[in-house]
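Colleague: Just need the structure, nothing else, for what follows:
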Amino acid sequence: MSESEDEVVDPMAAALANLPPMRVRQVDLPEKMFTKMQLIVVEALQSKKLEKDAAQEIKRKIDTEPDFNQLPGKGPWQCVVGKSFSGSITFEAYHLAT
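Modeller: Numbering: from 1, shown residues only. Have a look, this model is predicted:
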């Protein structure tokens, strides 16, 4: 293979290699879904200027993504994006109770 030929690169591997550092305290999603969620969040944050627009984009994508709606107690999903907020959520693994 010559240097001028393009190498075949897995798009998922390339996207995962470019993820910024993240701090996640707890996640109940299966690893495959968590990876998809990370990609959706990074894409929304990079493409939208306002946090509310990024939150809407993330929610729209996960509400329409078949993998995220096959979980027990599926959607609708809630999405909050920002730095200065607080909240308290009581949940059961794979279920959200209000």
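Colleague: Asp63: neighbouring residues, count only.
Modeller: Using other CB atoms under 10 Å, Asp63 is surrounded by 14 other residues. Quick note: C-beta positions are derived from backbone N, CA and C, even for glycine.
Colleague: any idea how far Ile62 is from Leu45?
Modeller: In this structure, Leu45 and Ile62 are 14 Å apart, going by CB to CB, to the nearest Å.
Colleague: between those two, which one's more packed in?
Modeller: Between Leu45 and Ile62, counted using other CB under 10 Å, the more crowded position is Ile62 (21 against 17).
Colleague: How about the contacts made by the spatially most central residue of the chain?
Modeller: Nearest residue to the geometric centre of the chain (CA atoms, centre = their mean): Met37, 2.0 Å. Counting by CB atoms under 8 Å, 6 or more residues apart in numbering, Met37 makes contact with 29, 62, 68.
Colleague: Which helix or strand contains the first one?
Modeller: When secondary structure is defined using DSSP states H and E, no element contains Leu29, which sits outside every helix and strand.
Colleague: Could you find the closest non-adjacent residue to it?
Modeller: Nearest non-adjacent residue to Leu29, counting by CB to CB, 6 or more residues apart in numbering: Met37, 6.4 Å away.
Colleague: could the contacts of Met37 go into a markdown table alongside pLDDT?
Modeller: Shown next, in a markdown table, are the contacts of Met37 (pLDDT from 0 to 100):
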| residue | pLDDT |
| --- | --- |
| Leu29 | 81 |
| Ile62 | 88 |
| Phe68 | 81 |
